[in-house]
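Trainee: A structural model of the following input is requested.
(chains A and B)
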There are 2 protein chains.
Amino acid sequence: MALDVNPFLIPHLARPTGTRILFVVLDGLGGCLQPGVPTALERAACPHLDALAAEASLGRYVPIAPGITPGSGPGHFSIFGYDPVALDVGRGVLETLGLGIDVAPGDVTARANFATTGPDGRLTDRRAGRIATDEAAPLARALNAAIPRLEDVCVEIHPGLQHRFALVLRGPGLSDAVSDTDPQAEGVPPLEPTAATAAAAKAARVTAAFLAKAHAFLRGQTKANTVLLRGFSGRPSMPTLRDRARLTPLAIAAYPAYLGVARLLGMDVAPGVSPKSTVADEVTALERAWAGPHDFFFLHVKGTDSAGEDGDEDRKARVIEEFDRELPRIRALQPDVILITGDHSTPGPMKAHSFHAVPFLLAGPWVEPDEQTRFDERACAAGRFGGWFPALSLFPMAMACAGKLAKYGA
Amino acid sequence: MALDVNPFLIPHLARPTGTRILFVVLDGLGGCLQPGVPTALERAACPHLDALAAEASLGRYVPIAPGITPGSGPGHFSIFGYDPVALDVGRGVLETLGLGIDVAPGDVTARANFATTGPDGRLTDRRAGRIATDEAAPLARALNAAIPRLEDVCVEIHPGLQHRFALVLRGPGLSDAVSDTDPQAEGVPPLEPTAATAAAAKAARVTAAFLAKAHAFLRGQTKANTVLLRGFSGRPSMPTLRDRARLTPLAIAAYPAYLGVARLLGMDVAPGVSPKSTVADEVTALERAWAGPHDFFFLHVKGTDSAGEDGDEDRKARVIEEFDRELPRIRALQPDVILITGDHSTPGPMKAHSFHAVPFLLAGPWVEPDEQTRFDERACAAGRFGGWFPALSLFPMAMACAGKLAKYGA
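Mentor: Modelled structure (predicted):
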């Protein structure tokens, strides 16, 4: 929606300084304003967020363009000032990077699932009964050992959570223009991988060979007796925040996909955080990192989105309150600029990501505070940044308030 | 001003659903807010529009870019999510398609007028005294019979309303880069058609030959003794709403130019509507079509613009009130999403199209209602969508609220 000047202006104007910026992403934070149905933010009692809102400037931002519902990847890229439509980063590479696996130029990755088929070859469970990680991870490792290479292509399988894993193909002449084999429905057989372009013929052929071998290998399993693949993608070539914005960034996040985004953008990853971490644990990781060399911090909280997806606005409100209780510890660190927002909206009544504008709060020395004293969608829509702020402008605005952008032109 | 993501994202994300969207275009609806001069919307008493406004979200949209006054074609294209600046669709092809004539790739069309010249060859009336259709149509048909072809080019003349007709040239090697022969003034002779590019030399030569023969043929006429041509254009190549947005669209419009837009976008055209139809007749056509297969409806009301062009704000207000009286019949059909707006502003005091932002109202299940309870320019400027909403975002926002756009990225 906004013309993206970031690729041209940020590299030209960014200057390293001693100031520190903190981006807090409460995943799926936003709700949908409807009469008589308070949003999670409206339900939550958040004295510390409200106190910060009173010193800050509020707004609602448009993640991609009005009416467009972003996935997590596009949502995060926008916040960090990268146009996801121009990037078109595949989810496969995000998951793989998120597992801590490096993806080099020329590699092809896909998101993989264990799944269950019946005797007739039709899918009976696309997630293999959400098989436990304890059970699925050894199976993934065994599969990795059983299929080390196909033709001249190295095959790697990296276990994820539950039924999920990542497939990485490394070898000459691969392209990621391969179709999903996940039919997104049960009662039908998995799809064949097909090449969308001539250049992808080899990758499709190797993928088909992998699936045949995997199916044979898994024959004895009751739940995880087949594999589904989707989101074939290569490593996108993009400048990191180090190169583009002259930052030394650090990510504090518990889940692979968000760490994947962070690594693509050149962020270091804070140790000691796992999917079992609480918000307090994440803030402890932030405190530990505060003495270090970083000047840009990305703190990701997952629970808000999960609760929204489950349609549980009260649980979503409790996660926001959990964050609110830790906010004084964050403020005690005295970050120069704080952005608190989501990567998209996940209204409980919709039980899904949505296109609704996302509430945000920006605080810092050169932010212009508005009249708002409460952090929720209504206050944000009435805040200084307005109800339709372009997502791609959040990052340069935060950089500017931290004194990290020089004048454009003499 | 807005980066147009529609060509990239809409085809990728659109999904057919059972929900139905209605776009009502009250042509030239907007006014210019000036002290002491109420706009037509402010004059009109519209209880049903106001009631719908209370449930809806309001805004004013910018048709092309701030300060740019759109013609009817660009205004409509923007609303349907097509960037008219990128398309550059000529008015000639819109009129011709609107008359029900198919325009194939390679054909060249122009809007034509009968006109009157004096003995010295200077124009005395650019519209031949607004000669009646009864008189002009037989003359157009006779001209069509008299000049069947020129060189290897088929020449077709299709009567329109009053002095208007369409010229269609079909043959090899034509280009539409031919200049208007209408000097847009009286007291001067018609202009010669000239080729703006080398590729248009043949089209300009054939056009000059046509005009010479037409002038000779019309010599005996007192009013319609010559022909003026403008808006030379070919069929633009553009995806239809069927291809781009996976819709099955229907148009309900009385006038040729609007049906032309509709046909270019792949809309079916509802029968039983003519320039003599009232708003009630159009709503009857909508009711009849409601049982059919369509999931996107475009209902066009012309009277608002005509009254604005005549500077008659009271008459414009009465047309709006006429629509308001029919609104309950529309709401009884229970469309999932309703957009009510104009294709541009036509403020009575200006007696012309203008650049002013256009009021709109969007209602539907995931729309976030605002505090506004009256449908006029002031309420729209204060509504949730704000006073400067980009026109190209109306279509994706309506699609999103109808559940017709999938998530972008996982």
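Trainee: Up against chain B, what does the stretch 151-300 of chain A have?
Mentor: Contact residues of the stretch 151-300 of chain A with respect to chain B, defined by Cβ under 8 Å from any Cβ of the partner chain, are listed as residue A:231. Any C-beta I mention is one placed from the backbone N, CA and C, and that applies to glycine too.
Trainee: Same question for the residue of the stretch 151-300 of chain A at minimum distance from chain B, what's its three-state structure.
Mentor: Sorted by distance to chain B under Cβ to the nearest Cβ, the residues of the stretch 151-300 of chain A start with residue A:231, at 6.3 Å. Under the three-state scheme (DSSP: H, G, I helix; E, B strand; the rest coil), residue A:231 adopts strand.
Trainee: Pretty sure it sits against residue A:89.
Mentor: No: here residue A:231 lies out of contact with residue A:89, judged by Cβ atoms under 8 Å, at a distance of 10.2 Å.
Trainee: what's around the residue of the stretch 151-300 of chain A closest to chain B, how many residues?
Mentor: For residue A:231, the number of neighbouring residues by other Cβ atoms under 10 Å in any protein chain shown comes to 22.
Trainee: How about residue A:35?
Mentor: Neighbour count of residue A:35, defined by other Cβ under 10 Å: 8.
Trainee: Name the single longest helix found in chain A.
Mentor: Ordering each helix of chain A by length in residues (DSSP state H) puts helix A:313-332 first.
Trainee: hang on, residue A:354 packs against residue A:29?
Mentor: No: judged on Cβ under 8 Å, residue A:354 makes no contact with residue A:29 at a distance of 11.5 Å.
Trainee: of the two, who's got more company?
Mentor: Each of residue A:354 and residue A:29 had its neighbours counted (other Cβ under 10 Å), and the higher figure belongs to residue A:29 (30 against 24).
Trainee: Please report the distance of that one from residue A:320.
Mentor: If you measure residue A:29 against residue A:320 using Cβ to Cβ, to the nearest Å, the figure is 8 Å.
Trainee: Need the residues touching each of these two.
Mentor: A shared contact of residue A:29 and residue A:320, defined by Cβ atoms under 8 Å, 6 or more residues apart in numbering or on different chains, is any residue touching both; here these are A:41, A:304.
Trainee: Surely residue A:218 touches residue A:228?
Mentor: No: at 12.0 Å, residue A:218 does not count as touching residue A:228 under the criterion of Cβ under 8 Å.
Trainee: Now for residue A:354 and residue A:29: what residues contact both?
Mentor: Residues within reach of residue A:354 and of residue A:29 at once, by Cβ under 8 Å, 6+ apart, are A:345-346.
Trainee: Compute the number of surrounding residues for the residue nearest to residue A:217 when sequence neighbours are not counted.
Mentor: Spatially, and ignoring its direct neighbours in sequence, residue A:217 is nearest to residue A:146 (5.2 Å; Cβ to Cβ, 6 or more residues apart in numbering or on different chains). Here the neighbour count serves as a burial measure; for residue A:146 (other Cβ under 10 Å) it reads 14.
Trainee: what do you get for the one 5 residues further on?
Mentor: Each residue near residue A:151 was counted by other Cβ under 10 Å, and the total is 12.
Trainee: Would you check that it makes contact with residue A:170?
Mentor: No: taking Cβ under 8 Å as the contact criterion, residue A:151 and residue A:170 are not neighbours in contact, 12.0 Å apart.
Trainee: ok, residue A:252 to residue A:33 distance?
Mentor: Plainly put, residue A:252 is 30 Å away from residue A:33 if you go by Cβ to Cβ.
Trainee: Same question for residue A:250.
Mentor: Residue A:250 is 34 Å from residue A:33, by Cβ to Cβ.
Trainee: Same question for residue A:9.
Mentor: Look at residue A:9 and residue A:33: by Cβ to Cβ, they are 34 Å apart.
Trainee: Check residue A:390 too.
Mentor: Following Cβ to Cβ, the distance that separates residue A:390 from residue A:33 is 20 Å.
Trainee: Looking at the two, which is more packed in?
Mentor: Higher neighbour count among residue A:390 and residue A:33: residue A:33, with 23 against 19, using other Cβ under 10 Å.
Trainee: just checking, that one touches residue A:379?
Mentor: No: the pair residue A:33 and residue A:379 does not pass the contact test of Cβ under 8 Å, sitting 11.2 Å apart.
Trainee: Which strands or helices does the lowest-mean-pLDDT helix or strand in chain A pack on?
Mentor: Least confident helix or strand, chain A: helix A:91-98 with a mean of 74, by mean pLDDT, DSSP states H and E. For helix A:91-98, the contact count by 3 or more Cβ pairs under 8 Å, 6 or more residues apart in numbering or on different chains; DSSP states H and E identifies helix A:72-79, strand A:108-117, strand A:164-170, strand A:226-233, helix A:256-264 as packing neighbours.
Trainee: Run the chain-centre distance for the helix or strand just after the first one.
Mentor: It refers to helix A:72-79. On the C-terminal side of helix A:72-79, the nearest following helix or strand under DSSP states H and E is helix A:84-87. Relative to the chain's own centre, helix A:84-87 is displaced by 15 Å; criterion: Cα atoms, centre = their mean, to the nearest Å.
Trainee: Enumerate the positions of the longest helix of chain A that are buried.
Mentor: For helix A:313-332, a neighbour-count test (16 or more other Cβ atoms under 10 Å in any protein chain shown) marks A:313, A:315-324, A:326-327, A:330 as buried.
Trainee: among these, which are in reach of chain B?
Mentor: Of the residues in the buried residues of helix A:313-332, proximity to chain B by Cβ under 8 Å from any Cβ holds for none.
Trainee: ranges for the strands of the stretch 1-150 of chain A?
Mentor: When secondary structure is read from DSSP state E, counting those that start in this stretch, the stretch 1-150 of chain A shows strands at A:21-26, A:57-62, A:108-117, A:123-125, A:149-150.
Trainee: Format those strands as TSV; extra columns: mean pLDDT and distance to residue B:24.
Mentor: Listed next are the strands of the stretch 1-150 of chain A as TSV, based on pLDDT from 0 to 100; distance: least, Cβ to Cβ, whole Å:
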stretch	mean pLDDT	distance to residue B:24
strand A:21-26	98	39
strand A:57-62	98	25
strand A:108-117	93	43
strand A:123-125	94	45
strand A:149-150	96	58
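Trainee: Compare those strands and give me the one nearest residue A:278.
Mentor: Proximity to residue A:278, assessed across the strands of the stretch 1-150 of chain A by Cβ to Cβ, is greatest for strand A:21-26 (13.9 Å).
Trainee: tell me what that closest one is packed against?
Mentor: helix A:72-79, strand A:296-301, helix A:313-332, strand A:337-341, helix A:394-401.
Trainee: got the angle for that strand vs strand A:296-301?
Mentor: Here strand A:21-26 runs at an angle of 10 degrees relative to strand A:296-301 (axes from the mean of the first three to the mean of the last three Cα atoms, to 10 degrees).
Trainee: ok, and what's touching strand A:21-26?
Mentor: Counting by Cβ under 8 Å, 6+ apart, strand A:21-26 makes contact with A:76, A:79-80, A:247, A:258, A:286, A:295-301, A:304, A:319-320, A:323, A:330, A:335-343, A:398-399, A:402, A:404, all of which sit outside it.
Trainee: mind redoing it with 7 Å?
Mentor: Among residues not part of strand A:21-26, those counted as contacts by Cβ atoms under 7 Å, 6 or more residues apart in numbering or on different chains are A:79, A:295-301, A:304, A:320, A:323, A:335-343, A:398, A:402.
Trainee: Can I have the buried ones of those as a ChimeraX selection?
Mentor: Applying 16+ other Cβ under 10 Å to the contacts of strand A:21-26, the buried members can be selected in ChimeraX as follows:
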select /A:79,295,296,297,298,299,300,301,304,320,323,335,336,337,338,339,340,341,342,343,398,402
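Trainee: secondary structure class for residue A:156?
Mentor: Assignment for residue A:156 (three-state DSSP): strand.
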